[in-house]
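Student: next one to model:
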Amino acid sequence: MAISIVILILILATVLFHFLSPWWFTPLASNWSSIDGTIDITLWVTGVVFVLVNLFLAYAVYRYRYKKDQTADYEPENKKLETWLTIITTIGVAAMLAPGLVVWSEFVHVPEDAKEFEVVGQQWSWNYRFPGEDGVLGKTDNTYTSSQNPFGIIPSDPNGQDDVLINSNEVHLPINQPVKVLQRSKDVLHNFAIPQFRVKMDLVPGITSYFWFTPTKLGTFDVLCQELCGIAHYLMRGKVVVQTEADFNLWLSKFPTFAESLQLPKGDVIAGKQFYQACAACHGTDGQGNKAMNAPKLAGLSSWYSKRQLEYFKHNIRGSSAEDTYGVQMAAMTATLPDDKAITDVSAYIQSLPIAQQIQHSTADINKGAILYRNCGFCHGNKGQGNYALNAPRLAGQHDWYLKRQLLNFKNDIRGKHTDDLYGKQMVLMSRLLQNDEAIDQVIAYINQLQPIDSEQNNAVLQE
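Tutor: Numbering: from 1, shown residues only. Take a look at the predicted model:
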């Protein structure tokens, strides 16, 4: 009797938990209301079966409870019962599968007026590619992937020359415009998912998968990877911004085509040296850094990373927190760089400065640091050389005191909190894997003894 009552209580608690739970779907922001309908059908079918089966279980436990003077009957087969169970089960399974097959057919049959764009997944970020004026995306091959061609577009394909490249975790789309999403992975299995749109699909290496949807609400929506793609899987996040067609076109026009990306002017090292004079007062004439001035080493930083950080400082994406004392100072100093060309030039000069080996003087356990660094090495490289394709800067050769300050800034939400600092947000999450100051000291001690490599060697490592 007691067991039957417990079963009845569990049935009631489960049903109440479902209907009273605050964990429901986010409001729908696309055309796929039919997916919600399919899930509702599945819920009702399985829910009714759950209640009926457990009610029968409670009844059977009570009705056929142990009695000293009662013997159980042996009935190995009951064709009538088996027939009815087979029929009812078949109807239930068909009721769940049939609507799903109908929706799946719609999911992969793209409307003729849909516009294409490509999602490229890699550990642990998203990038996007839109067709240019010809309306056709160029062919790709991962063997062409490099720091100069991170999308792996085949240079000889004329259709790829005007492709617009979005090297960012954030993509914008026009409202009420059907879009076909082509998906490609550079490395392992990923899954591109936008919960508010009710869409998701695996990115399988070597295969181009696809689906389509129509954004129906203005706003910003989360992109997740819903496939366990590696140790930093949970960091693989992005944003979809749905806006008017005019705003979308304006946003898209800010990004380079593939042809333009190959022809972007390199920074003028001589002009950059002139701009660097203002930097040298703190960072040193050779970019060696100065602990007394709280200025990190700049020599050896890749120009793409220096440029990004200078742009962040200039637009208050970095250095906007009052707690980031030295970041605030840098934000003010970027006023000496009047335009994008000046930033490009000084970044080129910084990259030209010779790299010096950082002297190891930490007493922290380097062996434990090597273990902790494995998480960092997936993006920053096993030699701390950095990786342009993963937007990860060089770590080898940097001062230990500066690395520690930045890790603490990330850990304490002083850096990486700004909504436009997409890669800083990833570092905020990664820094929390280092649970205390001792772990931070250990991983920095390991980084500090890594031998810096020059730009030519770095490019070779990237090609590997």
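
Student: elements contacting the strand or helix carrying residue 277?
Tutor: Taking DSSP states H and E as the criterion, residue 277 maps to helix 269-283. When contacts are defined as 3 or more C-beta pairs under 8 Å, 6 or more residues apart in numbering; DSSP states H and E, helix 269-283 packs onto helix 340-352. (Each C-beta comes from the backbone N, C-alpha and C, glycine too.)

Student: what's the angle from the helix it packs on to helix 269-283?
Tutor: 70 degrees (axes from the mean of the first three to the mean of the last three C-alpha atoms, to 10 degrees).

Student: 17 is where my numbering starts, stick with that
Tutor: From this message on, residue numbering opens at 17, which makes the last subject helix 356-368.

Student: after helix 356-368, which helix or strand is next?
Tutor: helix 382-396.

Student: list of residues touching that following helix?
Tutor: The contact list for helix 382-396 (C-beta atoms under 8 Å, 6 or more residues apart in numbering) reads 139-140, 246-248, 400, 402-403, 406-411, 446, 449-450, 455, 457-463, 465.

Student: for stretch 88-99, list the C-alpha coordinates in CSV.
Tutor: C-alpha atoms of stretch 88-99 as CSV (Å, rounded to 0.1, in the frame of the first residue of the first chain):
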residue,chain,number,x,y,z
ALA,A,88,0.4,-16.2,-8.4
ASP,A,89,-0.9,-17.5,-11.8
TYR,A,90,1.6,-18.4,-14.6
GLU,A,91,0.5,-17.0,-17.9
PRO,A,92,3.5,-16.8,-20.4
GLU,A,93,1.5,-15.4,-23.3
ASN,A,94,-1.6,-13.3,-23.8
LYS,A,95,-2.2,-12.7,-27.6
LYS,A,96,-5.1,-10.3,-27.0
LEU,A,97,-3.1,-8.1,-24.6
GLU,A,98,0.0,-8.2,-26.9
THR,A,99,-2.1,-7.2,-29.9
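
Student: quick one: distance of that stretch to the chain centre.
Tutor: Remark: stretch 88-99 is offset 55 Å from the chain centroid, using C-alpha atoms, centre = their mean, to the nearest Å.

Student: re earlier: which of the contacts of helix 382-396 are buried? Put it as a PyMOL command.
Tutor: Selection of the buried residues among the contacts of helix 382-396 in PyMOL, burial being defined by 16 or more other C-beta atoms under 10 Å:
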select buried, resi 139+140+246+248+400+402+403+406+407+408+409+410+411+446+450+455+457+458+459+460+461+462+463+465
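
Student: distance of the residue most central in space within the chain relative to residue 146?
Tutor: Central residue check for the chain by C-alpha atoms, centre = their mean: the C-alpha nearest the mean position is that of residue 252, 2.2 Å away. Note on residue 252: its distance to residue 146, by C-beta to C-beta, to the nearest Å, is 21 Å.

Student: now do stretch 207-217: distance to the chain's middle.
Tutor: 13 Å.

Student: how about the secondary structure of the most far-flung residue of the chain relative to its centre?
Tutor: The centre of the chain is farthest from one residue, residue 85, which by C-alpha atoms, centre = their mean lies 66.6 Å away. For residue 85, the assignment made with DSSP: H, G, I helix; E, B strand; the rest coil gives coil.

Student: do you know the pLDDT at it?
Tutor: On pLDDT, residue 85 comes in at 79.

Student: swap in the one 3 residues further on?
Tutor: pLDDT recorded at residue 88 is 75.
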